[in-house]
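In: heads up, no residue letters with this:
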């Protein structure tokens, strides 16, 4: 209640006694407030002289403050869109240039209000809320540039989302008036409701020269593949209504038709389907007894029973999306949001973002002719697939349909992918929901190659200073016929490796690499010396053999270990001098999604003579630490990529009752 | 009194100040900027309109939901369309007669080839295309049941200057009673147009026929209707085809040269803009771009200053050597948009860098080319070196793997190219039972994925890893029984008990099993191949295939099943066999001896995915299945061929058991078929017949088998999970 705590506590006590003092106080107070007012006022107007930026004032401007531009009657009209336009003919790539981030730069024209000669605006609505959302999302994204000379793509601020509110000729003139129009080169227009009565063209009727069109409701005849972008028709309901994600699974109704203005021919067909299949179908229509307005848009009726829209969509497995006069329907967005699988009946319709999205995984497209077979077609889809489609549908909505921002940025990303195809997002990035992305395995080495025998493998021996043991390993290993190269990683900085003459004489090239630091991660460094695909990693106190069939390039994992391993794991390993092998197993399991293969029954792979003092693995704390490692790594990877299997690989004739000399690997198991 | 006045005034002032402060907007911000004396970043030039909440919607809800509707009936509209959208605006909806394909449900896709006339000259390549169709499972000799028609006239080369040009095509096709303005016809073409423009003109009116054409231009391409095919040479193999050249992955994945090109330089005419500039990027070190003007008859007439020097440099490098040793290969347009170079570099795992503006890439409907090639722009030739340098190692690896995958799945033989064309059209005709892009673009490729089986990814054995799921916990045992059930002591009864004891077996109780036998015996008596019929009773992903006289232990079944779950796309089982090349007979041999490697696992005791049942019955040609049925033999070999052809990997042998059948007692009257030497000879023949059909030998040898981890180890038996296996 009291405006200022400080004065209110003192005030009442002082007033009756000191009148003059009170007056002084009163004047001081007044002047302080006045000063404050003046100061604030100064701040309001002063900055103009200090900083000449326009953005300050822009921030508090109203749409109606935008400058008015009068279009002369005779101002030029662009040509109609050229159907043969493609990126290489109608798009100026030189504007985009080569840039290391592979991002196009987008410029947005400042808002202007165009009026014709008589002062009538070119559009009945002016800037719409959706278009404003779209433009602010783009201006917030890293596509945006305010430098018109560096821009690769231009977006006019003339709102053409809904053709119904436009005056075609004047809008076209306004477009041509844009300072950088240049026959529409590199200009992008967003339109969701194209065409007008009676024939409803499937693309925006405004003549637009070579401008790209991001349109909702393209047909295959108006869509310029690889040039235009097909976008969804945004449903404002999705902003108003929150539909929580529902677990996929069978729902109350099998098929639901919720559109209100279905052609009577189709409605008759649907009625017939309902007669045949009864309760599985729900055929909703407009409520006749409700008054027009927002309320009626949120209600649907069937035989006097009222249902809430779009909530009812969540009660059905499949939802019909039929074409109307236009091909693109806002209902598609509602249906996806409800996690209902859309059944799209709109011949020749180019589905939203079909350039990158795989609609076959989220929808069922049925030719209009086959409407009568819809029920049988949908029944033939297995349950698990329907669940998968429901999940995918909901995810498509969340990622690409849910807001004007999502729609706008997806459009720009698609154009970006065309201009920098070598940095384009992959199918998996576009289509796999995050759940799948986490659990699935997507390695750049997916081809099942069986490496030729000839190149053999490279053995990498990590050693510190146990020279005798090392030499024994080397001699042992060199007996393996498929060994191609031996690499010794000398991990001791204080001691230099023994002289060349002291090394055992072996038949394959031997190389010693000295490291700068004693780190266990050095074992998995992708040394240039490794030329074979298979790598045998051994400690200096281990003797082990390798399998002949390796499915994956081990070398690649070395590379990954060094460059792609989550940073803290590598540091952890280097700090604790332990677990580098576990880390490697984690990595390989994470990349391949497979379990490692244990080869032959060797358990005691330590040399018996090694004393417990210098053997790192024999330390008591070692084991405890290793369990710690597993927990630590699992938390970094976010999942437990390691898999448990109960098998190991043996040679085919292992331990068989068979002459030993006919076996390929007779010595295995003898140690 | 005064006090009250004062407070009111004070309150008023404070309010004024507060209002000014907030209404002024960003005063704090400005104050901050003023204090720090920094010029603020231009945060967002698209203003935050103060009245943005009052902006109108782009459309009213009513406008969006209540479609204006048209008076025109949809049926009329569709009819009107087919009259309007013809010829260059053809689409499946308007130019294709779907009713022709509906005759027998999903089986409705049949292709008919017009008989060729005696004096017709048919080129080598076209003969191969026709053979591929005639041998495919879609071929029909009855035009009445055909959905698609293919001309007997060679239309591959429509260059009037070429020797293989067939004149008067127009008159001849108009004479065909079934031509019907080209509806439902498929026309193959590799070369169109002629010097100097090389237009897309075929020299006859194709009407509403679907065009499968190489070097298609996006402008003339009718999306969703035409099919772009790759340009292939007349030496392209009919079947099988060479494998890709990538046999090992090198890290880092760079080869000796970064980018290479070796080819003609056009001095004049179409395509010369690009070809004439290629020498600019040559640096002699890691980028080798060689051009020669020595081609055509009168090259010396147009010769320019560069020619002599270029020709010299050109001779210094060998094309094949460059192909093998280059990371990227330039594939610029020639006179036409496509070139042989494209397939060559794809096979060589040399990542193609395309410079061919407006080329509709082969099978662009289904293949995601940006994951396998670098699509350059002819206008930006000089940027190409820096672009390819900027491609990261990981992406190079991925691109290279993808080239190999695509090469082997769709391009390595004429058979594959033609079948892919047919499958694409079939997917359009039955659009709701078609493959999605994931199936087309991941191993093993779209041709081996039959959408009639399922369109759900998790129903196939190949996609578990990619989807992050694992196969089910249960299996179905299919027992192939031929002898009638007479006594309870027959081996089959023992087998049934063994299998039903497994905790992973999905058949409920012994009663049901008996029922199953009763039913199955009837089915199986008729044909040998029927053991691999995709029977509806098989609901689990894993199938355990058994013979009636198989001897197995329950723990062996369990162990094999666990191993299969790690390798769901392969055959996992017990009895191994091997194949070998016999240089004396110049034929493949088959052996059942115990050897150090194996390539076949007999299906007498093996796990595999149930999808292979479907592939076996629907992918393999009738001829092979008839062979198997006639001889009552080899069905297991054929299954191994099939699975190895799909996976390119060997099957997996588990544990020690080799002898999986009880030896026939010498006094037994009933002869066992596999003891018969004739039986063995048949199997030799089978291997060769199958290899012949596949066009190559798909079987792969393996040297290891999978045992339980503690198998035959020196530890207490009590610690082992699979104790029984030790004794077997």
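Out: Good, I have the coordinates. Remember, predicted model here, so these are calculated numbers, not experimental data.
In: can you pull the buried residues of stretch B:581-599?
Out: Buried residues in stretch B:581-599, counting neighbours by 16 or more other C-beta atoms under 10 Å in any protein chain shown, are found at B:588, B:589, B:590, B:594, B:595, B:597, B:598, B:599. Backbone N, C-alpha and C define where each C-beta goes, glycine included.
In: which two among those are spaced furthest apart?
Out: B:588 and B:594 (19.4 Å; C-beta to C-beta).
In: how about the helices in the stretch 351-500 of chain B?
Out: Using DSSP state H, counting those that start in this stretch, the helices of the stretch 351-500 of chain B run over B:384-390, B:393-406, B:414-429, B:437-441, B:464-467, B:491-501.
In: near chain A at all, the shortest one?
Out: Yes: using C-beta under 8 Å from any C-beta of the partner chain, helix B:464-467 reaches chain A at B:465, B:466, B:467.
In: nearest to residue B:450 among the buried residues of stretch B:581-599?
Out: Closest to residue B:450 out of the buried residues of stretch B:581-599 is residue B:599 (25.2 Å), distances taken as C-beta to C-beta.
In: count of neighbours near the residue in the stretch 351-500 of chain B that chain A sits nearest to?
Out: Residue of the stretch 351-500 of chain B nearest chain A, by C-beta to the nearest C-beta: residue B:468 (2.8 Å). As a burial measure, residue B:468 scores 18 neighbours (other C-beta atoms under 10 Å in any protein chain shown).
In: then the one 10 residues further on?
Out: One way to gauge burial is a neighbour count; for residue B:478, by other C-beta under 10 Å, it gives 22.
In: confidence score at the closest residue to it other than its chain neighbours?
Out: Of all residues not flanking residue B:478 in the chain, residue B:545 sits nearest, at 5.3 Å (C-beta to C-beta, 6 or more residues apart in numbering or on different chains). Looking at residue B:545, its pLDDT is 86.
In: which residues touch residue B:545?
Out: Applying C-beta atoms under 8 Å, 6 or more residues apart in numbering or on different chains, we find residue B:545 in contact with B:477, B:478, B:480, B:531, B:573, B:603, B:604, B:605, B:606, B:607, B:608.
In: how many residues are close by residue 323?
Out: All of this is about chain A. By other C-beta under 10 Å, the burial measure for residue A:323, its neighbour count, is 24.
In: please refer instead to chain B.
Out: 20.
In: who's in contact with residue B:96?
Out: B:183, B:184, B:208, B:210, B:225, B:429.
In: from those residues, which two are the most distant?
Out: Maximum pairwise distance in the contacts of residue B:96, criterion C-beta to C-beta, is 14.9 Å, between B:208 and B:429.
In: in chain A, what secondary structure element scores lowest on mean pLDDT?
Out: Ranked by mean pLDDT, DSSP states H and E, the weakest helix or strand in chain A is helix A:47-50, scoring a mean of 42.
In: sorry, back to before: now tabulate the contacts of residue B:96 in CSV and tack on pLDDT.
Out: Putting the contacts of residue B:96 into CSV (pLDDT from 0 to 100) gives the following:
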residue, pLDDT
B:183, 91
B:184, 92
B:208, 92
B:210, 95
B:225, 94
B:429, 90
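In: which one of the residues you listed sits closest to residue A:210?
Out: The shortest approach to residue A:210 among these belongs to residue B:225, at 25.2 Å (C-beta to C-beta).
In: that closest one in helix, strand or coil?
Out: coil (DSSP: H, G, I helix; E, B strand; the rest coil).
In: am I right that it is in contact with residue B:94?
Out: No: when contacts are counted by C-beta atoms under 8 Å, residue B:225 is not listed as touching residue B:94 (9.1 Å).
In: in strands only, show me the buried residues of stretch B:581-599.
Out: Of the buried residues of stretch B:581-599, the ones assigned to strands by DSSP state E are B:588, B:589, B:590.
In: for those residues, give me CSV that also has distance to chain A and pLDDT.
Out: Listed next are these as CSV, based on distance: C-beta to the nearest C-beta, whole Å; pLDDT from 0 to 100:
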residue, distance to chain A, pLDDT
B:588, 19, 92
B:589, 18, 90
B:590, 17, 90
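In: need the residues you listed in a markdown table (columns: distance to residue B:153).
Out: Output for these, formatted as a markdown table (distance: C-beta to C-beta, whole Å):
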| residue | distance to residue B:153 |
| --- | --- |
| B:588 | 39 |
| B:589 | 44 |
| B:590 | 44 |
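In: for the stretch 51-200 of chain A, what are the low-confidence residue spans?
Out: A:51-60 (pLDDT under 70).
In: where exactly do the strands run in it?
Out: A:68-70, A:106-108, A:113-115, A:153-155, A:188-191 (DSSP state E, counting those that start in this stretch).
In: out of those strands, which gets nearest to residue B:307?
Out: strand A:153-155 (42.2 Å).
In: need the residues that contact that closest one.
Out: For strand A:153-155, contacts defined as C-beta under 8 Å, 6+ apart pick out A:96, A:104-109, A:135, A:138, A:143, A:178, A:180, A:186-188, A:190, A:412, A:415.
In: near chain B, from those?
Out: With the criterion set as C-beta under 8 Å from any C-beta, the members of the contacts of strand A:153-155 near chain B are A:108, A:135, A:138.
In: just the buried residues from those, in PyMOL please.
Out: In PyMOL, this line selects whichever of these come out buried by 16+ other C-beta under 10 Å:
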select buried, chain A and resi 108+135+138
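In: for residue 498, what are its contacts?
Out: Just so you know, I chose chain A. Per C-beta under 8 Å, 6+ apart, neighbours of residue A:498: residue A:467.
In: the intended chain is chain B.
Out: B:552, B:553, B:554, B:557.
In: list buried residues within those residues.
Out: For the contacts of residue B:498, buried by 16+ other C-beta under 10 Å: B:552, B:553, B:554, B:557.
In: closest to chain A out of those?
Out: Once C-beta to the nearest C-beta is applied, the member of these that ends up nearest chain A is residue B:557, at 13.6 Å.
In: and the chain, what are its domain boundaries?
Out: With no chain named, the answer covers chain A. A:58-234+A:403-419, A:236-402+A:422-431, A:451-557, A:565-604+A:614-670 (the TED database).
In: wait, I meant chain B there
Out: According to the TED database, chain B comprises the domains B:89-228, B:257-409, B:475-657+B:672-706.
In: by mean pLDDT, show me the worst of the ones you listed.
Out: When I compare these, domain B:475-657+B:672-706 is least confident, with a mean of 79.
In: got the residues of the stretch 51-200 of chain B near chain A?
Out: Residues of the stretch 51-200 of chain B lying near chain A (C-beta under 8 Å from any C-beta): B:51-53, B:55-59, B:61-71, B:73-75, B:78, B:81, B:85, B:89, B:91, B:93, B:98.
In: type out the ChimeraX command that picks the buried ones from these.
Out: Paste this into ChimeraX to select the buried members of those, with burial taken from 16+ other C-beta under 10 Å:
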select /B:55,57,58,59,61,63,64,65,66,67,70,74,78,81,85,91,93,98
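In: the spatially closest residue to residue B:299 that is not a sequence neighbour: neighbour count?
Out: Spatially, and ignoring its direct neighbours in sequence, residue B:299 is nearest to residue B:293 (5.3 Å; C-beta to C-beta, 6+ apart). Each residue near residue B:293 was counted by other C-beta under 10 Å, and the total is 22.
In: from residue A:410, how far out is residue B:293?
Out: Counting by C-beta to C-beta, to the nearest Å, the separation of residue B:293 from residue A:410 is 47 Å.
In: repeat that for residue B:329.
Out: 33 Å.
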